[in-house]
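K.L.:
predicted model and sequence below, questions to follow.
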Amino acid sequence: MSELTMLIDTTNGVMLLEHSHLSADVLDKFAAIAGEGKECGCARPLDVIPAPITPDIQTEEARVRIAGYYHNSLVEGPGRRSSALFQFCPLSCKGCWVPHLHSPDSGQLVSVTTLAEKLLDPSFERDGVSILGGEPFAQSESLLALVKELRRAGCKHILCYTGYTLETLARQAETQPAIGEVLADIDMLIDGPYVVALAGGAGAWTGSGNQRVIDLCETRRTGRIVLY
Ligand code: SF4
């Protein structure tokens, strides 16, 4: 059966269309009425703002390598999100649709303080910040510094994506304490690699059906994995 979900963002007038199994003919007819669309999704938004230039970075200041950031995402967690795209991913999920985020040499090193300021720009509405990539936990010290800075600046809800499972991250935390500190602080985790064969079973915020949306607050409180 074909399904079509249409969402009009009243903040910026953008129409978000999610569909399954609609024929090319139907989509062409839709485009004739509503205009040509652009494909977007988790980690592949319509417009990425380049990494902020921070020429006055102090050597001791925490920095993170990112590809950019953006606001008004409705597909990367609950509500409206401001999102950061971390550069670099050591995983090689077959069919990954953001291969330009894999290299550790691309993107730009930016001050964590500057990035947090940009993500929390008061001229944009948001329900929280999402951190994705790339693999955010591959820069665990920088990720922790960003999470701390976002909290210090009053960010109430932080969600991280990862290609690792929570169980794998918990093991990595035994030798990389920053990973454990991030998991002890953030509100939600969307975990697991992208599995192209399961892409059809993806949820609203995930790329494939194996990925879990984990409520980390409840998980910490109950001591067992609680899905959102
Ligand atoms: S973890 Fe994400 S960015 Fe990395 S290869 Fe898999 S899908 Fe791509």
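P.N.:
Thanks, I have the structure now. Nothing here was measured: the structure is a model prediction, and the numbers come from that model.
K.L.:
who does the residue positioned nearest the centre of the chain form a beta bridge with?
P.N.:
Closest to where the C-alpha atoms of the chain average out (CA atoms, centre = their mean) is L132, at 3.3 Å. Judged by DSSP bridges, the bridge partners of L132 are L85.
K.L.:
who in this structure is up against the ligand?
P.N.:
By the rule CB under 6 Å from any ligand atom, the part of the chain lying against the ligand is 89, 91-93, 96, 98, 101, 133-135, 163, 193-194. In short, each C-beta sits where N, CA and C put it, glycine included.
K.L.:
dump the residues you listed to TSV, plus pLDDT, secondary structure and distance to A173.
P.N.:
Converted to TSV, the residues of the chain next to the ligand look like this (pLDDT from 0 to 100; DSSP: H, G, I helix; E, B strand; the rest coil; distance: CB to CB, whole Å):
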residue	pLDDT	secondary structure	distance to A173
C89	98	coil	19
L91	96	coil	18
S92	91	coil	23
C93	96	coil	22
C96	95	coil	24
V98	94	coil	25
L101	96	helix	23
G133	92	coil	19
G134	94	coil	19
E135	98	coil	15
G163	98	coil	16
P193	97	coil	19
Y194	96	coil	23
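K.L.:
any chance of those in JSON lines, plus neighbour count?
P.N.:
Supplementary listing: the residues of the chain next to the ligand in JSON lines, determined by neighbours: other CB atoms under 10 Å:
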{"residue": "C89", "neighbour count": "22"}
{"residue": "L91", "neighbour count": "14"}
{"residue": "S92", "neighbour count": "10"}
{"residue": "C93", "neighbour count": "18"}
{"residue": "C96", "neighbour count": "18"}
{"residue": "V98", "neighbour count": "19"}
{"residue": "L101", "neighbour count": "23"}
{"residue": "G133", "neighbour count": "27"}
{"residue": "G134", "neighbour count": "30"}
{"residue": "E135", "neighbour count": "22"}
{"residue": "G163", "neighbour count": "24"}
{"residue": "P193", "neighbour count": "20"}
{"residue": "Y194", "neighbour count": "22"}
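K.L.:
need those residues in JSON lines (columns: distance to V26).
P.N.:
Compiled in JSON lines, the residues of the chain next to the ligand are given as follows (distance: CB to CB, whole Å):
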{"residue": "C89", "distance to V26": "35"}
{"residue": "L91", "distance to V26": "36"}
{"residue": "S92", "distance to V26": "35"}
{"residue": "C93", "distance to V26": "30"}
{"residue": "C96", "distance to V26": "29"}
{"residue": "V98", "distance to V26": "28"}
{"residue": "L101", "distance to V26": "32"}
{"residue": "G133", "distance to V26": "34"}
{"residue": "G134", "distance to V26": "35"}
{"residue": "E135", "distance to V26": "37"}
{"residue": "G163", "distance to V26": "34"}
{"residue": "P193", "distance to V26": "32"}
{"residue": "Y194", "distance to V26": "27"}
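K.L.:
great, nothing more from me.
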